[in-house]
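[1] below are the sequence and a predicted model for it; my questions follow.
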Amino acid sequence: MMIAIDLDTPANADVQALLLRHFELMRASSPEESCHVMEPGTLLERDVALFAAREGGIVMGVGAMAIIEPGHGELKSMHTAAEARGRGVARAVLKALLDHARGIDLTRVSLETGSADMFAPARALYAAHGFTDCPPFGDYVVDPLSVFMTRQL
């Protein structure tokens, strides 16, 4: 079956359910002061573009892009369902997000992810797509549990 990547909304129950799984996993994996995951409802309140990967109508992964300043976007809520990992879902969502960023004339995209081993696959994915380590951006501060990455478009 083919994976389809489309703009979606956290208002959809299945997207919200996967975002909630992501939120709960991140909260369980990091102390509160080092956990920067957005609550699913917050994505509705902010001006974000959310993409969902679906296969056979089932949500396999999500990712969002928030504008943090003119020309600069931040990846948020990137998550692939555990049962879909290793199948290129995150890569496809990331490509859609980067294409979207180019389409709205962003010149830079950044992200915050964890420094723990469980985040190594995410860091490797981002590095493979041109992201490099950078200092904290936006409202972030130096945190040994965080890795900040950025890339120019």
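    Looks like it came in fine.
[2] how close does residue 82 get to residue 122?
    Using CB to CB, to the nearest Å, we find residue 82 at a distance of 14 Å from residue 122. Just so you know, the C-beta spots here come from the backbone N, C-alpha and C atoms, and that holds for glycine as well.
[3] more neighbours: the two, which one.
    residue 122 (20 against 8; other CB atoms under 10 Å).
[4] quick one: secondary structure of the nearest residue in space to the more buried one that is not next to it in sequence?
    Once flanking residues are discounted, residue 122 sits nearest to residue 113: 5.1 Å by CB to CB, 6 or more residues apart in numbering. Per DSSP: H, G, I helix; E, B strand; the rest coil, the secondary structure class of residue 113 is strand.
[5] check contacts around residue 113.
    By CB atoms under 8 Å, 6 or more residues apart in numbering, residue 113 lies in contact with 119, 122, 123, 126, 146, 147, 149.
[6] okay, now the sheet partners of the longest strand along the chain, with direction.
    Secondary structure of the chain per DSSP state E: the longest strand is strand 58-69. Under the criterion DSSP bridges, strand 58-69 sits next to strand 48-55 (antiparallel), strand 72-80 (antiparallel) in its sheet.
[7] only alpha carbons, please: show the longest one as CSV.
    So that's strand 72-80. Extracted in CSV, the C-alpha atoms of strand 72-80 (Å, rounded to 0.1, in the frame of the first residue of the first chain):
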residue,chain,number,x,y,z
HIS,A,72,12.1,30.9,10.1
GLY,A,73,10.0,27.8,10.9
GLU,A,74,10.2,25.2,13.6
LEU,A,75,9.4,21.5,13.2
LYS,A,76,7.1,20.4,16.0
SER,A,77,5.3,17.1,17.0
MET,A,78,7.2,14.8,14.6
HIS,A,79,6.0,11.3,15.4
THR,A,80,5.7,8.0,13.7
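[8] what residues sit buried inside it?
    72, 73, 74, 75, 76, 77, 78, 79, 80 (16 or more other CB atoms under 10 Å).
[9] hang on, the fourth one packs against residue 65?
    Yes. Counting by CB atoms under 8 Å, a contact exists between residue 75 and residue 65, whose distance comes to 6.3 Å.
[10] shared neighbours, those two?
    97, 109.
[11] quick check: closest non-adjacent residue to residue 129.
    Residue 129's closest residue in space is residue 94 (CB to CB, 6+ apart), at 5.9 Å.
[12] strands along the chain, start to end?
    3-8, 48-55, 58-69, 72-80, 108-114, 132-133, 146-152.
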